[in-house]
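Novice: coordinates for the following, if possible.
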Amino acid sequence: MTTIYYNPACGTSRNTLAMIRNAGIEPTVIEYLKTPPDRATIVKLIADAGLTVRGALRDKCEPYEALGLKEDRFSDEALLDFIVQHPILLNRPFVVTKQGTRLCRPSEVVLDILPAAQQGAFSKEDGEAVVGADGQRLK
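Specialist: Predicted structure coming up:
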């Protein structure tokens, strides 16, 4: 089973979802701003992806600046509290497969954990070619 924690307004999320589908996989799509993961799920996603809590923070959003999160004075527990209160602070997209969990930034990171090969060429929304016609990663 493949799951993506997704934001349809995010180009990286859309590209990642498209690459999953290009492998012939229809994932469970969780729009995490509409259905935020609970604290335990957030902790598991971050740990399974091998990240720190700070490494999973999205710093290009309004609450980040307003809450002063750039300052290194918050504990992991406090940062988790902020993420639970403001799900937009969780970077995206996280993808979970049998092969692992990754924060797919850039989107082609998803190729490392997909259980199936790409079924054809793929280019990102901006035109950057990621997968060739033979289904192989270009870089």
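Novice: wait, Gly132 sits on Leu138?
Specialist: Yes - with contact defined as C-beta atoms under 8 Å, Gly132 reaches Leu138; the gap is 5.5 Å. The C-beta positions use only the backbone N, C-alpha and C, and glycine is treated the same way.
Novice: ok, now how distant is the residue nearest to Arg105 when sequence neighbours are not counted from Ala18?
Specialist: Spatially, and ignoring its direct neighbours in sequence, Arg105 is nearest to Thr12 (5.9 Å; C-beta to C-beta, 6 or more residues apart in numbering). Remark: distance between Thr12 and Ala18 (C-beta to C-beta, to the nearest Å) = 11 Å.
Novice: ok, those two, which is more surrounded?
Specialist: When neighbours are counted by other C-beta atoms under 10 Å, Thr12 and Ala18 differ, and Thr12 comes out ahead with 22 against 16.
Novice: pretty sure that one contacts Cys104?
Specialist: Yes - look at Thr12 against Cys104 with C-beta under 8 Å: they come within range, at 7.0 Å.
Novice: what do the two both touch?
Specialist: Common contact partners of Thr12 and Cys104 (C-beta atoms under 8 Å, 6 or more residues apart in numbering): Pro93.
Novice: buried residues in stretch 34-42, which are they?
Specialist: Neighbour-count burial for stretch 34-42 flags Pro36, Pro37, Ile42 (criterion: 16 or more other C-beta atoms under 10 Å).
Novice: nope, stretch 12-28 is what I meant
Specialist: Buried residues in stretch 12-28 (16+ other C-beta under 10 Å): 12-20, 22-23, 25, 27.
Novice: check stretch 59-69 too.
Specialist: Tyr64, Leu67, Leu69.
Novice: out of these, which are inside helices?
Specialist: Among these, DSSP state H puts Tyr64 in helices.
Novice: which one of the buried residues of stretch 59-69 is nearest to Ala117?
Specialist: Tyr64 (36.9 Å; C-beta to C-beta).
Novice: tell me the contacts of that closest one?
Specialist: Counting by C-beta under 8 Å, 6+ apart, Tyr64 makes contact with Leu57, Arg58, Lys70, Leu89.
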